[in-house]
Each structure stands twice: as structure tokens, then as C-alpha cells.
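Undergrad: Below is the sequence, then the predicted model.
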Amino acid sequence: QVQPVESGGGSVQAGGSLRLSCAPSRQLYCARDMSWYRQGEGKEREFVSSIESDGSTYYADSVKGRFTISQDNAKNTVHLQMGSLKPEDTAMYYCKTKCLVGGTWSDYWGQGTHVTVSS
């Protein structure tokens, strides 16, 4: 399997929390840089958060202060802790990794994990 694997989605009420996890492919050599994107129904996919190998983190304005991205280096897994969830956070969340194949770095997307926030 070359795609990353996401987990942790589910349904929660507004104000609640969820933690998403992403593990990159074990078959490829992948960078520690990983990103989360989301796509709501009828909407375009949008950036949510990313973390770089040096620990630098980035967030979309819409989630800043509510979401925290972190990296478990021992397990080579990235987590997205989502708090104070709002109905507008409802979406399919995708993890994106960057892996080296044939001397070229390419992006790989996971299948997605769904998050539903009810009011």
C-alpha cells in the first residue's frame, strides 16, 4: 500500500473533540512532512494543517486555535487534535504525504476519514 492511512473520524456534537491520525506508507520512503486537507459536501478540498520535519506547523485560519497537529516520531504518525468542533468542520478529512519514488518526490493522498459535527 502506497497511500497513507487515516483513522479517527466519527460523529460528535458541536463543541466536542476528535483526534485524527495518519500513518504514511511503509512501502515507500516518505518525508516526515505531512498535511491534512478536508472537503465538505459540494465544496472544494481545502488545506487544514501541516507539519514539517523540523516541527514547524501551519493552520488554516478557520481552525487556528482549535486544532493542533503533532508528530509521533517513534510511530511515524501524525495526529490532528480537533477541539471546539463546529458543524462547518463536517467534511471528509484527507492526509497527504510526500514520498520518494524513482528519484522523484510525489504526493500521496489517503482514502479519507469522515468527520460529522452536529449542532
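TA: Here it is on my side, so go on. Numbering: from 1, shown residues only.
Undergrad: show me the contacts for the spatially most central residue of the chain.
TA: Geometric centre of the chain, nearest residue: residue 36, 3.0 Å, by Cα atoms, centre = their mean. Shown in contact with residue 36 (Cβ atoms under 8 Å, 6 or more residues apart in numbering): 20, 22, 47-50, 69, 78, 80, 93-96. All C-beta spots, glycine's among them, are computed from the backbone N, C-alpha and C.
Undergrad: Grab the nearest non-local neighbour of it.
TA: Distances taken as Cβ to Cβ, 6 or more residues apart in numbering place residue 48 nearest to residue 36, at 4.3 Å, with adjacent residues excluded.
Undergrad: try residue 2
TA: Excluding the flanking residues, the one nearest residue 2 by Cβ to Cβ, 6+ apart is residue 25, at 4.7 Å.
Undergrad: Tell me, how many residues neighbour the one you found?
TA: 17 (other Cβ atoms under 10 Å).
Undergrad: and it, what element?
TA: According to DSSP states H and E, residue 25 maps onto no helix or strand at all.
Undergrad: Quick check: it touching residue 4?
TA: Yes. With contact defined as Cβ atoms under 8 Å, residue 25 and residue 4 form a contacting pair (6.3 Å).
Undergrad: Overlap of the contact sets of those two?
TA: 97, 108.
Undergrad: Next, the contact list for the residue nearest to residue 36, please.
TA: Going by Cβ under 8 Å, 6+ apart, residue 48 touches 35-38, 59-60, 63, 67, 80, 93.
Undergrad: I'd like the distance from stretch 59-68 to the chain centre, please.
TA: 12 Å (Cα atoms, centre = their mean, to the nearest Å).
Undergrad: Buried residues in that stretch, which are they?
TA: 59, 63, 67-68 (16 or more other Cβ atoms under 10 Å).
Undergrad: For that stretch, measure first residue to last.
TA: Distance between the two ends of stretch 59-68: 8 Å, counting by Cα to Cα, to the nearest Å.
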